[in-house]
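Enquirer: no sequence for this one, just the structure:
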């Protein structure tokens, strides 16, 4: 795969550059100590580390956004729960017709809101999927730094 800018064959996918320039390490230790008074002490620990080259850091995969879940949660709390409570209030209405009127108004609103929330979540999540798809197809030239998606 040659670079479209400089025609170099020194190219890699972004994911290869990122994984090749990222190192993860784990370590652990343990020990036992004995004092002159006969007291025994035991200790240990473990840790982990990550190091990354500058090039690998610029080629990191796109982060998934938590915004869709947050937006849906807020709308759910503000609108869906009160509408659901209004639909359920049919059973505690003083008269059947008053409860039926409330149900006739709120049940379609609840269904419409639920449908809208599902569509909104799918649309917002599609942006993440599109970014992931572009990332997996994008190449970088290691000579001039051009990023491109081969056609």
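Expert: Arrived safely, thanks for sending. Predicted model only: the values in this text are computed from it and were never measured. Residues are numbered from 1 along each chain as shown.
Enquirer: any regions of the chain where pLDDT drops low?
Expert: Scanning the chain for pLDDT under 70 picks out 93, 95-99.
Enquirer: please, where are all the strands along it?
Expert: Assigned by DSSP state E, the strands in the chain fall at 11-13, 22-34, 40-52, 139-141, 147-148.
Enquirer: and the angle from the third one to strand 22-34?
Expert: By that I understand strand 40-52. If you take axes from the mean of the first three to the mean of the last three C-alpha atoms, to 10 degrees, strand 40-52 sits at 170 degrees to strand 22-34.
Enquirer: strand 40-52: how far from the chain's middle?
Expert: 29 Å (C-alpha atoms, centre = their mean, to the nearest Å).
Enquirer: who does that strand touch, helix- and strand-wise?
Expert: Packing partners of strand 40-52 (3 or more C-beta pairs under 8 Å, 6 or more residues apart in numbering; DSSP states H and E): strand 22-34. For every residue, glycine as well, the C-beta is placed using N, CA and C.
Enquirer: the strand it packs on pairs with which strands?
Expert: strand 40-52 (antiparallel) (DSSP bridges).
Enquirer: grab the nearest non-local neighbour of the residue nearest the centre of the chain.
Expert: Nearest residue to the geometric centre of the chain (C-alpha atoms, centre = their mean): residue 64, 3.2 Å. Distances taken as C-beta to C-beta, 6 or more residues apart in numbering put residue 128 closest to residue 64, at 5.3 Å, once the chain neighbours are dropped.
Enquirer: what segments of the chain are helices?
Expert: Taking DSSP state H, the helices of the chain run over residues 14-20, 54-58, 67-75, 81-88, 96-137.
Enquirer: so which of those gets nearest residue 30?
Expert: Distance to residue 30, taken as C-beta to C-beta, is lowest for helix 14-20 among the helices of the chain, at 31.4 Å.
Enquirer: JSON lines please, covering the helices of the chain and showing mean neighbour count and distance to residue 151.
Expert: Output for the helices of the chain, formatted as JSON lines (neighbours: other C-beta atoms under 10 Å; distance: least, C-beta to C-beta, whole Å):
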{"stretch": "helix 14-20", "mean neighbour count": "17", "distance to residue 151": "17"}
{"stretch": "helix 54-58", "mean neighbour count": "13", "distance to residue 151": "23"}
{"stretch": "helix 67-75", "mean neighbour count": "13", "distance to residue 151": "31"}
{"stretch": "helix 81-88", "mean neighbour count": "14", "distance to residue 151": "49"}
{"stretch": "helix 96-137", "mean neighbour count": "13", "distance to residue 151": "10"}
